[in-house]
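*Asks:* dropping a prediction and its sequence here:
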Amino acid sequence: MGELRSVRGCLMSLTLFFGLLGGLLVLAFVANRLVRRTGVPDVLVLMATGVALGPVFHLVDPTKFAGVTHGFGTLALILILFEAGLELDLWQTLRHFPGGFLLAILSYALSMALIAAVAHETLALSIRPALIVGAVLGGVSSSVTLPVLQHLLLRPNVRTTLMIEASLADILSVLSVAVLLGLPATGGAVFAGLVHGFFMELGISLVFGIVAGIGWSFLLPALSDQRFWQVLTFGAVLVLYAVTAVAGGGPLFAVLVFGLTLTNIPEARKRIELRAPGPAGGPAEPHISLLAFHAELSFLVRTFFFVLIGVVVRFAAFRTQWIAVLGMFGAILVGRWLAVQASRIGWRDTQGWERELAFWLLPRGLITAVLALEAGRVLGGAWDFLLDLAFAAIVLTNLCLMVGTVRERHRIPVSPVPETAPPVEL
């Protein structure tokens, strides 16, 4: 009898689990469709749902998901960056790379330096620990920024610049934290290590991504007529990520370059682009099956990731270190504003409202939480406060993101959409 009750209890728990997953996917779909009407990014809706399930109503135990969050987040990043690469035009990317590169460098360097100064004053940290705090909190998150950019009605040049910045930001964050944790030196040695390491990772990523893209384009004629070739391509993306990481490159940037290379080779594009019948017997419409497959998969994975982020979020820093939190938040805002203004020389024909929107696109996300966990693991239990600061930065900067998207919605009419900047649907 007891075994029967145990089996029934397991079945009931499994039923509730699947019901919860289904409800989250329905919520994610509705939030995604309402982005342009409400101006609230679906990312914030998903994170708020996770907060309600975890810290608020305690319906989900955060300790059971702390380890899974990293894996889900990394997978979401891989899918988002590969999808972004498939959507980029090679010549547009090369044309606007200097602007995106300059914005990424200035935004990260200024934010890192200002946050470190605040940490030095408010937390009484020495220079190197303060720089570690700045390195963890200084970078925007591509896992949040790239999906939001898909819903904003931006001109291609601005969208491409911001996509490049978001993609490079993760590399800067990971590299800076790794160098600061691994090098006991200060001053010029740390700076030289950062510069050398960044360009080394960038070079390795470019080579691996381009070679993989060209090689896969030769295989597509034989593969694209087979069933599940999109799944096989996804497997190739994961293999590229792992091989690039082992070789010492930036695996996320390599994934972006792989997608960019693949979609800009004419022979590969012929295989990627399929023709679907037009509505009511009209002319055929182009449909990129590979992009559609990865967009659907990305939607699924990132839905669960952002809900998990909300489940495991901690609010201790708002109570115990609120002075430091407010100071670092102010440093992030000042650093971003200075970077956007100073990088104008690298942007082409930007308008005032576009630079304002770029200012609000400063969300912290997956990479911030992961780096805070890694720094705490390396430096010991005394650094648990860094995770609290990271979650505070995630919450506050994503609220800024919501302000920016709402303002963009009121500045630009929803319809008609300019043909030069078509919106991309997930």
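*Replies:* Received it, and whenever you're ready, just let me know what you need.
*Asks:* need the helices for the stretch 101-250 of the chain, in chain order.
*Replies:* 127-137, 142-149, 156-182, 188-223, 229-246 (DSSP state H, counting those that start in this stretch).
*Asks:* so which of the ones you listed is nearest Gly376?
*Replies:* Nearest of these to Gly376, taken as CB to CB: helix 127-137 at 9.7 Å. No exception for glycine: its C-beta is placed from N, CA and C like everyone else's.
*Asks:* among the helices of the stretch 101-250 of the chain, which gets the worst mean confidence?
*Replies:* Mean pLDDT values for the helices of the stretch 101-250 of the chain show the minimum at helix 188-223, a mean of 78.
*Asks:* center of this structure - which residue?
*Replies:* Compute the mean C-alpha point of the chain, and by CA atoms, centre = their mean the closest residue is Ser143, 1.5 Å away.
*Asks:* quick one: which of the helices of the stretch 101-250 of the chain is nearest Thr405?
*Replies:* Here helix 142-149 is closest among the helices of the stretch 101-250 of the chain (CB to CB), at 6.7 Å.
*Asks:* returning to what we had before: include distance to Met112 when you put the helices of the stretch 101-250 of the chain into TSV, please.
*Replies:* Written out in TSV, the entries for the helices of the stretch 101-250 of the chain read as follows (distance: least, CB to CB, whole Å):
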stretch	distance to Met112
helix 127-137	4
helix 142-149	17
helix 156-182	7
helix 188-223	10
helix 229-246	23
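*Asks:* circling back: contacting residues around the closest residue in space to the residue nearest to the centre of the chain that isn't next to it in sequence?
*Replies:* Ranked by CB to CB, 6 or more residues apart in numbering and with sequence neighbours excluded, the top spatial neighbour of Ser143 is Leu366, at 4.4 Å. Contacts for Leu366 (CB atoms under 8 Å, 6 or more residues apart in numbering) come out as 73-74, 76-77, 141, 143-144, 305, 309.
*Asks:* hmm, try it at 6 Å
*Replies:* With contact set as CB atoms under 6 Å, 6 or more residues apart in numbering, Leu366 has these partners: 73, 141, 143.
*Asks:* from what I see, the last one and Leu77 are in contact.
*Replies:* Yes - in this structure Ser143 lies within contact range of Leu77 using CB atoms under 6 Å: 5.1 Å.
*Asks:* for the stretch 201-350 of the chain, give me the ranges with low pLDDT.
*Replies:* When the per-residue scores of the stretch 201-350 of the chain are filtered using pLDDT under 70, the ranges that remain are 266-289, 348.
*Asks:* try 80
*Replies:* The model of the stretch 201-350 of the chain has pLDDT under 80 over residues 201-202, 220-228, 250, 265-295, 298, 302, 305-306, 309, 312-318, 345-350.
*Asks:* mind listing the strands for it?
*Replies:* Secondary structure of the stretch 201-350 of the chain (DSSP state E, counting those that start in this stretch): strands at 273-276, 285-288.
*Asks:* surely Tyr241 is in contact with Gly249?
*Replies:* No - distance between Tyr241 and Gly249: 10.0 Å, which falls outside the contact criterion (CB under 6 Å).
*Asks:* any idea which of the contacts of Leu366 is the one closest to Phe82?
*Replies:* Ser143 (12.8 Å).
*Asks:* tell me, how many residues neighbour the closest residue to Ala113 other than its chain neighbours?
*Replies:* For Ala113, the nearest residue in space outside its immediate sequence neighbours is Gly134; the separation is 6.5 Å by CB to CB, 6+ apart. A count of neighbours around Gly134, defined by other CB atoms under 10 Å, yields 27.
*Asks:* show the contacting residues for Gly134.
*Replies:* Residues near Gly134 by CB under 6 Å, 6+ apart: 112, 115-116.
*Asks:* what of Asn398?
*Replies:* Counting by CB under 6 Å, 6+ apart, Asn398 makes contact with 44, 363.
*Asks:* could you do Met328 as well?
*Replies:* By CB under 6 Å, 6+ apart, the residues touching Met328 are 115, 118.
*Asks:* next one: it from Ala393, what distance?
*Replies:* Distance, Met328 to Ala393, by CB to CB, to the nearest Å: 7 Å.
*Asks:* now do Arg319
*Replies:* As for Arg319, its distance to Ala393 is 16 Å (criterion: CB to CB).
*Asks:* which of the two has more neighbours?
*Replies:* More crowded of Arg319 and Ala393, by other CB under 10 Å: Ala393, with 26 against 9.
*Asks:* just the element for the more buried one, please.
*Replies:* Ala393 is part of helix 384-411, with elements assigned from DSSP states H and E.
*Asks:* what's around Arg128, how many residues?
*Replies:* If you count neighbours by other CB under 10 Å, Arg128 ends up with 15.
*Asks:* how far away is it from Gly138?
*Replies:* Distance from Arg128 to Gly138, counting by CB to CB: 15 Å.
*Asks:* just the endpoints, please. Distance across stretch 304-324?
*Replies:* End-to-end distance for stretch 304-324: 31 Å, by CA to CA, to the nearest Å.
*Asks:* next one: stretch 49-60
*Replies:* Between the opening and closing residues of stretch 49-60 there is a gap of 11 Å (CA to CA).
*Asks:* can you tell me what sits against it?
*Replies:* Outside stretch 49-60, the residues within contact range by CB under 6 Å, 6+ apart are 62, 307, 310-311, 313.
*Asks:* dump the C-alpha coordinates for stretch 313-322 into PDB.
*Replies:* What follows is stretch 313-322 as a C-alpha-only set of coordinates in PDB (Å, rounded to 0.1, in the frame of the first residue of the first chain):
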ATOM      1  CA  VAL A 313      18.200  35.100  -7.700                       C
ATOM      2  CA  ARG A 314      19.300  36.400  -4.300                       C
ATOM      3  CA  PHE A 315      18.300  39.800  -2.900                       C
ATOM      4  CA  ALA A 316      20.700  39.900   0.100                       C
ATOM      5  CA  ALA A 317      22.800  42.700  -1.400                       C
ATOM      6  CA  PHE A 318      19.800  45.100  -1.400                       C
ATOM      7  CA  ARG A 319      19.500  44.700   2.400                       C
ATOM      8  CA  THR A 320      23.200  44.400   3.500                       C
ATOM      9  CA  GLN A 321      25.200  46.300   0.900                       C
ATOM     10  CA  TRP A 322      22.700  48.800  -0.500                       C
END
